[in-house]
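Participant: Structure here, sequence nowhere to be found:
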Ligand code: SF4
């Protein structure tokens, strides 16, 4: 048995390049239970990060009692990480909402579905009559199922007709989508997790994979322990496990100052160009914009960039050389880029590096513009985030017409007169009182949005009617007018799609507690009560259950890049998850996209006409068409511009927020798992050793971090990050603290500011000051196993759990990877189109 | 030759435009994207002014004698609320539009004079002015429905 709190990534199963990743089946059952005690295993996949590991849920006496990785799943080959093992079901019985609540005389009281839904529908109707659709906003999640998002999208876009729909995916993966739209014309992950098995070099841009997608990192570790290991390059201001691996592999750890990624990336692009590592044939045949890119990066010499980013220019040269000279490069990008300044511009430069060298669509050559949350891909593709469903282009009347026909509604109902309203703007409209009805599902903005003092004020506004739909009474639910109890994973059926497009079916294993209902049932109920109709007077939403919603979505996806028409619940049962596009001609899905270097940039198919990366100004359809992209990718360029907030005499440090391996989001689930709670029980403030010394702070001392917006007080971890940078984990809020002070959540500090293209908020660049409040009595409660490890391990007990996971390194054959077609389905070939 | 007059007009309209971007940014600090983008764009207009200076030095500029109607009037103050934002962005659009067409006029003269240095300046600055107009149009389109229909 293994202790997977202490050993996050589990037993190594090393293998050589291009050899399949061996199977290892991880199993964890409730204390005292053996496999023979399990009544039933129910197929699912883990919803605690974007990896989406295939798993089976153990059920005994109508209760979930354990979990096991699915050996035959292409994503995880049987493995699970600590969150999946210890945090996927342990919360199901804890503190759940079991009845609707409504506000009466200022307090939330228990009610019933009819009363609660009646209130919701009445307010909704009133506002539609008084103000119209622009009074309504929907703020959803990256954790519901595809069927739920699609239903919500149809309700919002064709029922109400509001452009104000977004998800918390705006905080997590909006930049991934934006960068892919800018470069390739559409959302849709080019690469695959299988590229880990065959790459020669692995670049992780602002991606602490070791903590955010632990099973994917196990896959990397198995290469790093194998015979012909890849060279790793890590870009991260902290000394993460990824950064350590980079150094150990003979690669490079670049730790740029937060907010300077675009300068660093321009420097890397320039080196690749200046050293002649560009594949001119590929660039000429498959891209547009080379000259402008070359001119833009020309001044970004290693010395120039090193001055801005405060890195060693020779490190930058070495990193560029690894990129420029390795045969197969896989790059991954996540929050260090997405939640920072010039997010889309910097993420596009990763795409540019690959396009310049033609490293795309082949084994080991890929890009993973990562997702954070498990079902973020579905929020995006179903249109629950404001985009039009099926990666359709809001600025393309033909695409709007397609949806109007599919839904049988007037095209004018579907909001498409301007870019969809992003989350930060939705909150701004609520602040200004023009959005008066806000329905929040499956997310906790009172902890996760930037500048929490402001968010609390907005939620508390008298003129804002707030509906919160959740499994728990979250910090946000405390502000609701109506709280709707939601069924969670394992308590409902549905599908979702992971970071490399792999679709899994998650079956219902047990009944939801009390009167809790699936989010799908709640949305369907609302649609019914609102009596949304199509043009023929028939009900707008024509399905009644998950499988019906899936079938409707399948039609919506037909002919688009995210084609699901080859998938069904039956097909997803029993075997592995299957990556879209999956249609009649590609029944096993597609592992990689763009093998032939043809991209969905044709004006008839592209999801977006693109933006100016500096300002976010949108390219008009005419301008776009004039470029005649027709299948070529865009090499988008942008100068570096300094971040909106920089350290000053008053606030001399830069604060970045982030995760730990043991928690997910605002801990509503993982904080209710005993093992995960013990591993990372309380927030901490991470300082570099030199900064701590200068402040007179020792390990465990209580410190205050203050920004112009608010403050956080927590014990200091004297850690191993770069000087001048403070790290605060963002998981901790107030549901499990007694007091009512607001000094625990990292987002008390962050600023209201976002990337001009993806509109993703900037969580990584708040200027702060740090003061010591009191001597500590014990080390900070930060895990020692990961990036938060102490600078000086002496006296800090190691983070550990119990030996309670069985790891079976079986001789079973690993599942074969899905095929990669030469031509990407539904991407028109230049020859075949005008 | 009236080029000097036009260089003077361009110079003053760029100064006015940069000031106006800063003013609108500061006046709408509660819209962080407006605030930040206006600062960025103001800085880039300053760079246009700098790029123009060597040319101005060569041809001189007739600031005093320029006809009154060739003078771009700046913003006196910014307005409040969602409709105020819309109006201020529209004012910026007008000022940026004047700068844009003035660059075009100067560019035509540069063609006639075969002045390569001036042509290079015009080409790079016209792109930047197009960027300002694009952003303004985008932001105005975004703000308009809510301001005109739902805002109080
Ligand atoms: S890696 Fe992600 S999906 Fe897999 S078990 Fe861990 S949290 Fe779940």
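Facilitator: Okay, I see it. Small disclaimer: the values here were computed from a predicted structure and weren't measured. Numbering: from 1, shown residues only, chains lettered A, B, ... in the order given.

Participant: where in chain B is pLDDT low?
Facilitator: Along chain B, segments meeting pLDDT under 70 span B:62-72.

Participant: Which positions in it make contact with chain A?
Facilitator: Within reach of chain A by Cβ under 8 Å from any Cβ of the partner chain, chain B has these residues: B:30-33, B:35-37, B:40-41, B:81-82, B:131-132, B:134-138, B:141-142, B:144-146, B:149-152. The way it works is simple: take the backbone N, C-alpha and C, and place the C-beta from them, glycine included.

Participant: rerun at 7 Å
Facilitator: B:32-33, B:36-37, B:40-41, B:82, B:131, B:134-135, B:138, B:141-142, B:145-146, B:149-152 (Cβ under 7 Å from any Cβ of the partner chain).

Participant: Check which helix or strand the closest residue to residue A:553 other than its chain neighbours maps to.
Facilitator: Of all residues not flanking residue A:553 in the chain, residue A:150 sits nearest, at 4.5 Å (Cβ to Cβ, 6 or more residues apart in numbering or on different chains). In this assignment (DSSP states H and E), residue A:150 forms part of helix A:146-154.

Participant: sorry, back to before: my read: the residue nearest to residue A:553 touches residue A:549, true?
Facilitator: Yes - the pair residue A:150 / residue A:549 is scored as a contact, 5.9 Å apart, by Cβ atoms under 7 Å.

Participant: where does residue A:91 land on pLDDT?
Facilitator: What the model reports for residue A:91 is a pLDDT of 83.

Participant: again with residue A:656
Facilitator: Model confidence at residue A:656 (pLDDT) stands at 95.

Participant: Is the spatially most central residue of chain B in a helix, a strand, or coil?
Facilitator: Centroid check for chain B by Cα atoms, centre = their mean gives residue B:96 as the closest residue, at 3.3 Å. Secondary structure, DSSP: H, G, I helix; E, B strand; the rest coil: residue B:96 is helix.

Participant: which residues touch residue B:29?
Facilitator: The contact partners of residue B:29, taken as Cβ atoms under 7 Å, 6 or more residues apart in numbering or on different chains, are residue B:35.

Participant: Kindly report the same for the one 3 residues further on.
Facilitator: Residue B:32 sits next to A:752-753 when contact means Cβ under 7 Å, 6+ apart.

Participant: Please report the distance of it from the ligand.
Facilitator: Distance, residue B:32 to the ligand, using Cβ to the nearest ligand atom, to the nearest Å: 33 Å.

Participant: A helix includes residue A:807, no?
Facilitator: No - looking at residue A:807 with three-state DSSP, it is strand, so not inside a helix.

Participant: Pull the number of nearby residues for it.
Facilitator: Applying other Cβ atoms under 10 Å in any protein chain shown, we find 21 residues neighbouring residue A:807.

Participant: list the helices and strands the helix holding residue A:150 packs on?
Facilitator: strand A:136-140, helix A:376-382, strand A:494-497, helix A:519-530, helix A:546-557 (3 or more Cβ pairs under 7 Å, 6 or more residues apart in numbering or on different chains; DSSP states H and E).

Participant: Residues contacting it, please?
Facilitator: A:138, A:140, A:378-379, A:382-384, A:389, A:407, A:494-497, A:519-520, A:523-524, A:540-541, A:546, A:549-550, A:552-553, A:556.

Participant: just stretch A:80-88 next, same as before
Facilitator: Residues from elsewhere that reach stretch A:80-88, judged by Cβ under 7 Å, 6+ apart: A:4-5, A:8, A:26, A:28, A:46, A:48-49, A:53, A:55, A:67, A:69, A:214-215, A:489, A:661-662, A:664, A:669-670, A:673, A:675-676, A:805.

Participant: Is the ligand within reach of that stretch?
Facilitator: Yes - against the ligand, stretch A:80-88 shows contacts by Cβ under 6 Å from any ligand atom at A:80-81, A:83-84.

Participant: Of those residues, keep whichever come out buried.
Facilitator: Buried members of those, counted by 16 or more other Cβ atoms under 10 Å in any protein chain shown: A:80-81, A:83-84.

Participant: Pipe the residues you listed into a markdown table and attach pLDDT, distance to residue A:194 and secondary structure per row.
Facilitator: What follows is those, written out as a markdown table (pLDDT from 0 to 100; distance: Cβ to Cβ, whole Å; DSSP: H, G, I helix; E, B strand; the rest coil):
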| residue | pLDDT | distance to residue A:194 | secondary structure |
| --- | --- | --- | --- |
| A:80 | 98 | 19 | coil |
| A:81 | 97 | 18 | coil |
| A:83 | 95 | 22 | helix |
| A:84 | 96 | 20 | helix |
